[in-house]
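In: Using only what follows, build the 3D model:
(one chain, ligands or ions: 2)
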Amino acid sequence: GAIVFKDVHFAYDPARPILKGISFEVPAGKTVAVVGPSGAGKSTLSRLLYRFYDVQQGSITIDGQDVRSLTQKSLRAAIGMVPQDTVLFNDTIAYNIRYGRTSASQAEVEAAADIAQIGTFIETLPEGYDAMVGERGLKLSGGEKQRVAIARTVLKSPPILILDEATSALDTRTEQEIQAALDIVSRNRTTLVIAHRLSTVIQADEIIVLKDGVIAERGTHGELIDRD
Ligand code: ADP
Ligand code: ADP
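Out: Ligands and ions are numbered 1, 2, ... in the order given. Predicted coordinates for the structure are as follows:
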């Protein structure tokens, strides 16, 4: 599904517009990255696509259909999200990957875990697991939690993917490994990447630079680097 943002305006506080007429397209199967300084409104774009909030002017369409005309259920089925920080249940990795995907077979869970490179320990109870203290969070590293989120998304296999600063909390080596897994997951999917830095979105088909509520620049990584 192609995603089209058309003249999108949005403000949390009417006195302070965040998005002031944003127009761009993520063609079906392509990857578009949105970069820009912290507070520029990058994550707001993904929240509008997911309809946590609605645009105040303009529109967002998926395959020509306004997201406001889709049910929450069909929207959630169409979009997979690898969030910045994944909160896990105090249970096995396999349980966390499968959660909400009741129809998935064990083989499908294992295949998703393999792609995310956590296949060897999906039945492990992570360190810190304590059946008596069910609220206690899993003691997984940032990279491991990202892998669980990636495996969940692989299993869901949505046509549209949002990667919101998906590797920002990781050390360089883990970031490269996770990036490799994300590249596999986003292949042939319509993907919107939210990122701080140009260096993490070299592969994107187009990069949109947000600044002061408008698109300040756009182009491929090579084009944007040349202009600097
Ligand atoms: P980015 O992802 O580019 O860092 P965000 O889209 O998260 O930026 O936020 C854009 C601006 O909107 C920021 O100034 C932020 O403080 C503000 N903001 C974000 N969420 C809310 C909210 N729920 N209520 C009010 N202001 C918000
Ligand atoms: P599921 O994977 O069960 O289908 P979703 O795809 O709706 O669930 O969301 C995956 C995870 O991302 C959930 O933890 C959800 O709370 C979180 N999430 C979804 N959309 C956003 C968003 N725009 N901003 C932050 N977190 C989100």
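In: do the worst-scoring helix or strand of the chain on mean pLDDT and ligand 2 meet?
Out: The helix or strand of the chain with the poorest confidence is helix 172-186; it has a mean of 83 (mean pLDDT, DSSP states H and E). No: Helix 172-186 does not reach ligand 2 (CB under 6 Å from any ligand atom); its nearest approach is 13.0 Å. Yep, even glycine has a C-beta here, placed from its N, CA and C like the rest.
In: Contacts for the very next helix or strand once past that helix, please.
Out: For helix 172-186, the succeeding helix or strand toward the C-terminus, using DSSP states H and E, is strand 190-195. Contact partners of strand 190-195, identified using CB atoms under 8 Å, 6 or more residues apart in numbering, comprise 1-3, 26-35, 42-43, 45-46, 49, 159-166, 168, 186, 201, 204.
In: Next: stretch 99-107.
Out: 89, 98, 152, 155-156.
In: In strands, which of the contacts of strand 190-195 appear?
Out: When DSSP state E is applied, those are split such that 3, 26, 31-35, 160-164 fall in strands.
In: what sits against the residue positioned nearest the centre of the chain?
Out: Nearest to the mean C-alpha position of the chain, by CA atoms, centre = their mean, lies Leu163 at 2.1 Å. When the contact criterion is CB under 8 Å, 6+ apart, the partners of Leu163 are 82, 182, 186, 191-194.
In: What residues does this protein have near ligand 1?
Out: Residues of the chain lying near ligand 1 (CB under 6 Å from any ligand atom): 12, 18, 36, 38-44.
In: Spell out the residue ranges of the helices in this protein.
Out: Assigned by DSSP state H, the chain shows helices spanning 42-49, 72-78, 93-98, 106-115, 142-156, 172-186, 221-227.
In: any chance of those in CSV, plus distance to Ser59?
Out: Formatted as CSV, those follow (distance: least, CB to CB, whole Å):
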stretch, distance to Ser59
helix 42-49, 10
helix 72-78, 14
helix 93-98, 35
helix 106-115, 34
helix 142-156, 26
helix 172-186, 25
helix 221-227, 27
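In: Mind putting those into CSV with distance to Leu210 and mean neighbour count?
Out: Shown next, in CSV, are the helices of the chain (distance: least, CB to CB, whole Å; neighbours: other CB atoms under 10 Å):
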stretch, distance to Leu210, mean neighbour count
helix 42-49, 6, 21
helix 72-78, 23, 13
helix 93-98, 33, 22
helix 106-115, 31, 17
helix 142-156, 24, 23
helix 172-186, 20, 16
helix 221-227, 13, 12
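In: The nearest residue to His9 once chain neighbours are set aside and Tyr50: what is the separation?
Out: Distance criterion CB to CB, 6 or more residues apart in numbering; nearest residue to His9, sequence neighbours excluded, is Gln57 at 3.8 Å. Plainly put, Gln57 is 19 Å away from Tyr50 if you go by CB to CB, to the nearest Å.
In: Of these two, which one has the most company?
Out: Tyr50 (17 against 13; other CB atoms under 10 Å).
In: and the nearest residue to that one once chain neighbours are set aside, what are its bridge partners?
Out: In this structure, Tyr50 finds its nearest non-sequential neighbour in Ile79, 6.2 Å apart by CB to CB, 6+ apart. Beta-bridge pairing for Ile79 (DSSP bridges): Ile160.
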